[in-house]
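1. let me see the structure of the following:
(one chain, ligands or ions: 1)
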Amino acid sequence: MREKIDNTKNIGKKLYFFEELSSTNDWLRDNREELQNGTVALAKRQTGGKGRQGRKWCDSDGESLSFSVLLKALPAQTMPILPILAAVAVKRGIFQTLNVKADLKWPNDVLIDGKKIAGILCEAFPSENGLCVVCGIGINVMHGKDYFIQNDLPHAGSLLTQTKQKCNAEVLLDNILIALNDVINEHVSNGFSAMKDEYAAACVNIGKRVRVVSPKEERTGVACDVDLNGQLICRFDGSEKLEAVASGEVSVRGIYGYGE
Ligand code: ATP
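-> Numbers count the residues shown, from 1 in each chain. Below is the predicted model of the structure:
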């Protein structure tokens with residue numbers, strides 16, 4: 001394990017780099033009491049990378065950028081919307097690095113040209129000074145098409161497959177950490193209203209038919225908007241009223257494909 005300190009930063013002031021970890025989220029969770037707010041854990045290889053609801057996140061040595069951020073001092077109103085803010089930060093970081101506009105699939109998948117290139121998993125844990133949150137971000141940077149075929153990930157792509165650019169992962173990490181710091185500060189000062197248009201413009205689901213899948217049911221309808229809490233506003237088939245869907249347990253699918 002290597003350590004790096006950058007005193008100019010709030011998020012990313014202390015960065016721990018591992019050759020291999022089971023999961024960067026789990027390492028920050030297990031060490032959360034001793035570590036300071038904004039600490040970043042980065043792993044070259046994760047042996048147990050995970051997505052929401054126990055799903056697996058696949059990453060590969062040297063081709064993925066896999067890191068997590070410990071957030072100990074988040075105001076209560078910012079915690080529930082963090083997955084959405086993190087998606088905006090990844091989008092901004094990619095734009096800053098590659099000059100490419102990524103799309104977002106509600107709540108927090110990052111897509112380029114219809115393929116998922118990044119996943120985000122935010123988890124909250126009790127700690128001595130109230131709840132803390134670990135925000136894990138996995139980005140497919142240098143994978144070729146074969147990787148996704150071999151791992152049965154037909155909806156996935158990498159920055160390389162989707163932009164044809166070889167991205168410098170260190171620069172990308174730096175840009176995402178700066179953007180994460182910015183979006184959190186923006187939310188703390190102004191709420192989501194100032195960022196809502198940016199999110200909505202990038203969200204591939206809005207104005208489209210969606211299938212909202214939860215453990216107990218599956219409903220189809222049209223996604224109309226996101227609200228100021230980051231919930232997806234839908235009009236479901238057979239109903240006139242608008243309903244807000246919270247991200248918790250649901251997955252959203254396009255009717256014709258992953259993000260359409
Ligand atoms: P979904 O994207 O399926 O709606 P989700 O947002 O909960 O669900 P995540 O928690 O971000 O998904 O990630 C888990 C899912 O992402 C897995 O079920 C798998 O389909 C997909 N996945 C796993 N590894 C990768 C990868 N390297 N690139 C793109 N997608 C992946």
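
2. how does the protein divide into domains?
-> 2-201, 205-252 (automatic domain parsing).

3. so is the shortest one next to the ligand?
-> If I follow you right, that is domain 205-252. Yes - for domain 205-252 and the ligand, the contact criterion (CB under 6 Å from any ligand atom) is met by residue 251. For glycine as for every other residue, the C-beta is placed from the backbone atoms N, C-alpha and C.

4. tell me the most buried of the domains of the chain?
-> Highest mean neighbour count among these (mean count of other CB atoms under 10 Å): domain 2-201, with a mean of 18.

5. quick one: mean pLDDT over it.
-> Averaging pLDDT along domain 2-201 gives 96.

6. off-centre distance for it?
-> Mean-position distance between domain 2-201 and its chain equals 5 Å (CA atoms, centre = their mean, to the nearest Å).

7. just the endpoints, please. Distance across it?
-> When the termini of domain 2-201 are compared using CA to CA, to the nearest Å, they are 39 Å apart.

8. what about that domain and the ligand, any contact?
-> Yes - under the criterion of CB under 6 Å from any ligand atom, the ligand is reached by domain 2-201 at 51-52, 55-59, 109, 116, 119, 121, 140, 153, 156.

9. among these, which lie within strands?
-> Judged by DSSP state E, strands contain the following of these: 109, 116, 119, 121, 140.

10. what's the farthest-apart pair in the residues you listed?
-> 121 and 140 (15.0 Å; CB to CB).

11. span of stretch 44-64 from start to end?
-> So stretch 44-64: terminal residues 8 Å apart, CA to CA.

12. residues making contact with it?
-> 17-26, 66, 119, 121, 138-143, 147, 151, 153, 158, 249, 251 (CB atoms under 8 Å, 6 or more residues apart in numbering).

13. then stretch 104-113?
-> 83-84, 86-88, 90-91, 94, 100, 102-103, 116-120, 122, 139, 157, 159, 162-163, 199, 202-206, 223, 226, 230, 232, 247, 252, 258-259.

14. what pLDDT does the residue nearest to residue 80 when sequence neighbours are not counted get?
-> Spatial nearest neighbour of residue 80, excluding adjacent residues (CB to CB, 6 or more residues apart in numbering): residue 229 at 6.8 Å. Residue 229 carries a pLDDT value of 95.

15. now for residue 229: which residues touch it?
-> 80, 81, 192, 244, 246.

16. how about the last one, nearest residue that isn't a chain neighbour?
-> Of all residues beyond its chain neighbours, the one nearest residue 246 is residue 231 (5.3 Å), with distances taken as CB to CB, 6+ apart.

17. state the distance from the spatially closest residue to residue 23 that is not a sequence neighbour to the ligand.
-> Leaving aside its chain neighbours, residue 23 sits nearest to residue 48 (4.9 Å; criterion: CB to CB, 6+ apart). In this view, residue 48 and the ligand are 12 Å apart by CB to the nearest ligand atom, to the nearest Å.

18. pretty sure residue 41 contacts residue 29?
-> No - Residue 41 is not in contact with residue 29 according to CB atoms under 8 Å; the separation is 10.0 Å.
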